[in-house]
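In: mind folding the following:
(4 chains)
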Protein chains: 4
Amino acid sequence: MGSIFGKNIRVSIFGESHGAAIGCAIDGFPASMAVDFAALAAFMARRAPGATAGSTPRREADAPEFLSGIANGRTTGTPIAAIIRNSDQHSGDYAAIASTPRPGHADLAQRMRYGDSCDLRGGGHASGRLTAPLCIAGGLALQWLAQRGISIAARIDAIHGHPIAGERDASGLDAAARAEIETARAAGDSVGGTIACEINGVPPGVGSPIFDGLENRIAAAVFGIPAVKGIEFGNGFEAATLLGSENNDAFALDGEKVVTATNRHGGILGGISSGMPITFRVAIKPTPSIAKAQRTVDVSKHEECEIRVPGRHDACIVPRAVPVVEAAAAIAVMDGVVVRCR
Amino acid sequence: MGSIFGKNIRVSIFGESHGAAIGCAIDGFPASMAVDFAALAAFMARRAPGATAGSTPRREADAPEFLSGIANGRTTGTPIAAIIRNSDQHSGDYAAIASTPRPGHADLAQRMRYGDSCDLRGGGHASGRLTAPLCIAGGLALQWLAQRGISIAARIDAIHGHPIAGERDASGLDAAARAEIETARAAGDSVGGTIACEINGVPPGVGSPIFDGLENRIAAAVFGIPAVKGIEFGNGFEAATLLGSENNDAFALDGEKVVTATNRHGGILGGISSGMPITFRVAIKPTPSIAKAQRTVDVSKHEECEIRVPGRHDACIVPRAVPVVEAAAAIAVMDGVVVRCR
Amino acid sequence: MGSIFGKNIRVSIFGESHGAAIGCAIDGFPASMAVDFAALAAFMARRAPGATAGSTPRREADAPEFLSGIANGRTTGTPIAAIIRNSDQHSGDYAAIASTPRPGHADLAQRMRYGDSCDLRGGGHASGRLTAPLCIAGGLALQWLAQRGISIAARIDAIHGHPIAGERDASGLDAAARAEIETARAAGDSVGGTIACEINGVPPGVGSPIFDGLENRIAAAVFGIPAVKGIEFGNGFEAATLLGSENNDAFALDGEKVVTATNRHGGILGGISSGMPITFRVAIKPTPSIAKAQRTVDVSKHEECEIRVPGRHDACIVPRAVPVVEAAAAIAVMDGVVVRCR
Amino acid sequence: MGSIFGKNIRVSIFGESHGAAIGCAIDGFPASMAVDFAALAAFMARRAPGATAGSTPRREADAPEFLSGIANGRTTGTPIAAIIRNSDQHSGDYAAIASTPRPGHADLAQRMRYGDSCDLRGGGHASGRLTAPLCIAGGLALQWLAQRGISIAARIDAIHGHPIAGERDASGLDAAARAEIETARAAGDSVGGTIACEINGVPPGVGSPIFDGLENRIAAAVFGIPAVKGIEFGNGFEAATLLGSENNDAFALDGEKVVTATNRHGGILGGISSGMPITFRVAIKPTPSIAKAQRTVDVSKHEECEIRVPGRHDACIVPRAVPVVEAAAAIAVMDGVVVRCR
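Out: Residues are numbered from 1 along each chain as shown, chains lettered A, B, ... in the order given. Have a look, this model is predicted:
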């Protein structure tokens, strides 16, 4: 199985990096929402290749074509399908992958999973390119949430271990981070980073204990983004270093509302929203595709060899991953909230 | 919704801390497995109250009673149901919870979620006590996995920020960690910690890209454990601080097998097992129930007040959480593997 | 896999006829419903052994014990678990089943499905006894639906091909039907029949086209009742014999409401409720357990032989199946409606 | 929710009759199957408009365009997406639907379900046209099943109440049936019929008791076909008129195999395949779109009125529904079998 997320809305992602098209089908999206196509395009543009510092020069319009579920600019309530044609592939770049799996990539794992018929060109179904349809679904979810007063905003927390401290450019980077990326690129290498996300406006009482909590759902969605290797809510791993009296957030009154004086819990207690901002942080590993020579195995010859991954790659995908984190979170949160609002 | 996990096996957890019983129903567990009841009891004992340093003196046999799905000592293939009677509750201890939610607990969130009819005694359905039926299901899953050469072992990584470096006792603690816990207990406080888990023997090719990866599944299960605030796979958040050339694991030959020379990826690439050990680390927050005075709100009087959580509480639940992490991981891994083995 | 129904509420059925207990876990049942235990007991009594003409003399209290999800007489919103102990089994009656499968039963099919470890005593998990926990869940669903103005009432339509035309007794039978059953019983035989069900009060607009229609859901639930071999909605198979102009129901006005002048469509169009009464009819095969000699195979000796099914059996289960049809329909309808009401 | 079927394979159907395109996404289809595109086209052609006696003159190529999940002629194991462009709509024909719902159609029910933003042109998402993507998925499932020795064949059983007794033409009709259809067409009317389906080669032991039986699954899939109003397995409703001794199928030996001497049970006992042919019958109502005047309501003026449904309609959709029944059955059976074969 594979590529469907959600219980109340169902997002089904399909496509391979170098196939005919990538896309999504969204089942259960409520009717009557006016779609802001310009806002969606702007959102998609934030993850598009070439949009940000450090990103691949591969350029595609990546404009979704909607096939169903939207009529006269409004959602109809029936499944929404959207596709993006693949038009700018350089499949030749990937010829070597067939026999020499790229370190850090899912080439070999996919072959073990699917057998020799799988389509590994460009990473196939495990390619970061599949985050484009995730952003279509997430972008629509963000619009639906916004109409209910729920906003989701992610930003880069650190690049290559260095917190973003200076003035941010359009990609969310400061001068030091840009330098980190350029240094890596010049060396045929890559860097990763962390992304912090904050969700405001989720009413208290969303989610359930045990398996259907907001933490379970958001984590399950966010690990759908290739390159994510960790997630923590609230103060996360730091909580494990504190005393209970330091980590507990006192309840307090804010007019009629009960709030917490601090928000170390990250807005979720027992899987359920507390009404405080939901905060989480995500670890993004450095792009595995690098020009530097790496050791791998030629699986057809069954001998070790060297590989230099050709093609056009991001020296740092963190800036492009920011809207993708928002998209994944939006789908997870909408899945929890949509039942309550209908 | 709430408390069902899995696609191929379905674990349904029910019960409240101070209700008649807690338990689980497991749908889809394969037939014909001889159940080792002694091994299950030994596994359950590792999380039982009183079993480990720092744990609550509340003592319950916590022996599961199997109602269905096992006959003549073997699984029948039909749903397995098991319950544990609640027998040793001191509900009086929790009388105050009704109006003064405990900081760090889900009392208020549950009230917002379920309304005034919810059963908050002892934390209700969000209580750590619900990890007992999780361990029933997980214990059975561990036995099923063991027969396929898959083992799961978690251990304490650090307590209150201090890595376990010395000789471990039966609870997995060293002298320094025991001292940390005792100091906290004496002060009416609590400490958290981190747990590392390693899964060996998962064949390559289990899991799928995007939403049905092993990372998504394991994370979704592990966040079902109360007090978990973060999870990272492989080198996790540290990966975000490395260069691609440092973080990528080279492929190499080990006889007939393709392996990775290092295992920073934690055994999962693109959501799919690589054949290397699956490794992850979990952050456990300090027990929120502490004797120290804390600020909260009396929601019936709508005024701020002070609370000292009465009752018998763990000064550190990390040792008892170790088998629970194994249980959650076992359910998630079995859910991914079971399709392939039938 | 097996025994879980529903998307918005999840009913998980467990147990074997001669195991320790049978029961259900219901996930997603809304909080705050006051449970009418007397009404539930009265509903359960309608399917209890011995309750109706033609039924087995096996007598069990069959009173559900609730383990979780109900506190102070109200649903808490967390999973409801209930069990019924098995206390009156005559397992010895079934010794022969192990090697000589009963015609019309699932004995052999279960052995092929689960292997030799399956528990076939009394029919195991495929026993009609499992309709008792179905009635627990269905009985609660009926109460929830009733509070929203939705009622479900089934009645016997025909026994052994003879429509019920005369005055009905407490079992819903007329004199002719009772005679049919007694004749069969005296001959060591059994009879089946049809049940008609009508659901009133479902608002228009519940259900979805294609796979999530009310017809799909109700059929999927009703085929969970052993012995059901067919279902038809509205005029069903008769529709296939009519002209379009005869079968279409004209729309008409009834004050402010749009209704249909006739109801051949059975209240569902395109999978969606039309606001008219939902009507369906179910075929119940004659009880397969009969005293008459039948041909079967001794699978251990691999030779054909004769069997007379011993034990206490219903000569006609149709009267007892009436509340079970209501229960299955209630779960299916509640699953469709519950999202809209929260 | 809506349009996703299956647990092990997941078929998601999208599109509206007069939108940009209709299509499907299939998640979980096993890798490495060589797709026979010519066979798929031939299968699709059996349901295409104009293919059979009585069908609409609307003609569309209806050739699926595969976007993902197939590479080099083989399934890759990742989600298969396919679309069919809508090219020959006469939306003007449907202008009246907006305010005057067609009797027997889902126009009004959809409006109640989705609100005014729904796309009712041509029946929208509830249109029979959506059976085209169902046939894409079903056609692929049939090929996968065929490789495992499982075949599914449906045929017309009766038209307008008259069993097909004479020689069948390419549409599966005899002369009498063709005359029935022509008479109806000439009168601006329509007729329905019944379809019988037989599935051979399913190994014994597929399916589970209670909610996951083959009857539940097949019924849930088949009611996804618009116009289906009833389904019965084996001798179905006739079983309700028989004695147990008449209805039970004796077990017998056929060489090494245990078979039943007769097959009144239709190959399924307790939800589980018995190894005998699976047989079921489906009732198809007469096409609701007829030229004859019918009574309806102008919902904008809130007054009763008359409608003559314009456009090109089938006087009898039964011949075109035959492959659709096979497709729905194939998806349901594959969903039950696929776990066992991987």
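
In: only C-alpha atoms from now on, for both contacts and neighbour counts.
Out: Noted.

In: name the element the closest residue to chain D within the stretch 101-250 of chain A belongs to?
Out: The minimum distance from the stretch 101-250 of chain A to chain D, using Cα to the nearest Cα, falls at residue A:118 (4.2 Å). Per DSSP states H and E, residue A:118 falls between elements, in no helix or strand.

In: which residues does it contact?
Out: Going by Cα atoms under 8 Å, 6 or more residues apart in numbering or on different chains, residue A:118 touches A:110-111, A:124, D:31-32, D:71, D:75-78.

In: so of those, which ones are in strands?
Out: Residues of the contacts of residue A:118 located in strands (DSSP state E): D:71, D:75.

In: closest to residue B:49 out of the contacts of residue A:118?
Out: Minimum distance to residue B:49 across the contacts of residue A:118 is 43.2 Å, recorded for residue A:110 (Cα to Cα).

In: can you tell me the closest non-neighbouring residue to that closest one?
Out: residue B:205 (6.6 Å; Cα to Cα, 6 or more residues apart in numbering or on different chains).

In: doesn't residue A:115 make contact with the one you found?
Out: No: at 9.2 Å, residue B:205 does not count as touching residue A:115 under the criterion of Cα atoms under 8 Å.

In: among the contacts of residue A:118, which are located in helices?
Out: A:110-111 (DSSP state H).

In: who wins on neighbours among the contacts of residue A:118?
Out: Counting neighbours by other Cα atoms under 10 Å in any protein chain shown, residue A:110 leads the contacts of residue A:118 with 33 neighbours.

In: mind checking how far it is from residue D:71?
Out: Residue A:110 is 14 Å from residue D:71, where distance means Cα to Cα, to the nearest Å.

In: and residue A:212, by the same measure?
Out: Where residue D:71 is concerned, residue A:212 sits at a distance of 37 Å (Cα to Cα).

In: which stretches in the stretch 51-200 of chain A count as strands?
Out: Ranges of strands in the stretch 51-200 of chain A, per DSSP state E, counting those that start in this stretch, are A:65-68, A:70-71, A:74-75, A:80-85, A:151-159, A:162-163, A:193-200.

In: avg pLDDT for the third one?
Out: Along strand A:74-75, the predicted local confidence has a mean pLDDT of 96.

In: can it be said to contact chain D?
Out: Yes: Strand A:74-75 reaches chain D (Cα under 8 Å from any Cα of the partner chain) through A:74-75.

In: and that strand, is it in reach of chain C?
Out: No: judged by Cα under 8 Å from any Cα, strand A:74-75 stays clear of chain C, getting no closer than 15.2 Å.

In: pull up the residues of the stretch 1-150 of chain A that are close to chain B.
Out: For the stretch 1-150 of chain A, the residues in contact with chain B (Cα under 8 Å from any Cα) are A:1-5, A:101, A:103-106, A:108-114, A:125-126.

In: swap the cut-off to 6 Å and go again
Out: Selection of the stretch 1-150 of chain A residues close to chain B by Cα under 6 Å from any Cα of the partner chain yields A:2-3, A:103-104, A:106, A:109, A:112-113, A:126.

In: in CSV, list these along with pLDDT.
Out: What follows is the residues of the stretch 1-150 of chain A next to chain B, written out as CSV (pLDDT from 0 to 100):
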residue, pLDDT
A:2, 58
A:3, 75
A:103, 96
A:104, 96
A:106, 95
A:109, 94
A:112, 93
A:113, 93
A:126, 92
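
In: buried sites along the host helix or strand of residue A:336?
Out: Residue A:336 belongs to helix A:318-341 when assigned by DSSP H and E. Of the residues in helix A:318-341, A:318-339 count as buried by neighbour count, 16 or more other Cα atoms under 10 Å in any protein chain shown.

In: so what touches that helix?
Out: With contact meaning Cα atoms under 6 Å, 6 or more residues apart in numbering or on different chains, helix A:318-341 is reached by A:6, A:8-9, A:47, A:135, A:138, A:141-142, A:154, A:171, A:217-218, A:221-222, C:339, C:342.

In: any idea how far apart the tips of stretch A:298-306 sit?
Out: End-to-end distance of stretch A:298-306 (Cα to Cα): 9 Å.

In: meant to ask about stretch A:111-127
Out: Using Cα to Cα, the end-to-end distance of stretch A:111-127 comes to 14 Å.

In: any idea how far that stretch is from the middle of the chain?
Out: For stretch A:111-127, the separation from the chain centroid amounts to 20 Å (computed by Cα atoms, centre = their mean, to the nearest Å).

In: then stretch A:167-183?
Out: On the basis of Cα atoms, centre = their mean, stretch A:167-183 is displaced by 20 Å from the centre of the chain it belongs to.

In: over to stretch A:158-170?
Out: Centroid displacement of stretch A:158-170 relative to its chain, using Cα atoms, centre = their mean, is 19 Å.

In: start to end distance for it?
Out: One end of stretch A:158-170 sits 16 Å from the other (Cα to Cα).

In: ok, and for that stretch, which residues are buried?
Out: Using 16+ other Cα under 10 Å as the test for burial, stretch A:158-170 gives A:158-161, A:163-164.

In: do stretch A:245-265 as well
Out: Residues of stretch A:245-265 classed as buried: A:245-253, A:258-261, A:263-265 (neighbour count, 16+ other Cα under 10 Å).

In: show the backbone phi and psi for the spatially closest residue to residue A:228 that is not a sequence neighbour.
Out: Leaving aside its chain neighbours, residue A:228 sits nearest to residue A:284 (4.7 Å; criterion: Cα to Cα, 6+ apart). For residue A:284, the backbone dihedrals (degrees, to the nearest 10) come out as phi -110, psi 120.

In: and residue A:284, bridged to which residues?
Out: Counting by DSSP bridges, residue A:284 forms beta bridges with residue A:193, residue A:228.

In: ok, the closest residue in space to residue A:272 that isn't next to it in sequence to residue A:216 distance?
Out: Leaving out its chain neighbours, the residue that sits closest to residue A:272 by Cα to Cα, 6+ apart is residue A:207, at 4.4 Å. Residue A:207 is 9 Å from residue A:216, where distance means Cα to Cα.

In: of the two, which one has the most company?
Out: Using other Cα under 10 Å as the criterion, residue A:207 and residue A:216 rank with residue A:207 on top: 29 against 26.

In: number of residues surrounding residue A:39?
Out: Neighbours around residue A:39, by other Cα under 10 Å: 13.

In: can you get me a residue count around residue A:136?
Out: For residue A:136, the number of neighbouring residues by other Cα under 10 Å comes to 28.

In: for it, give its distance to chain B.
Out: For residue A:136, the distance to chain B equals 15 Å [Cα to the nearest Cα, to the nearest Å].

In: and the helix or strand of chain A with the lowest mean pLDDT, how far from the chain's centre?
Out: Ranked by mean pLDDT, DSSP states H and E, the weakest helix or strand in chain A is strand A:4-5, scoring a mean of 87. Centroid separation for strand A:4-5 versus its chain: 14 Å, with Cα atoms, centre = their mean.
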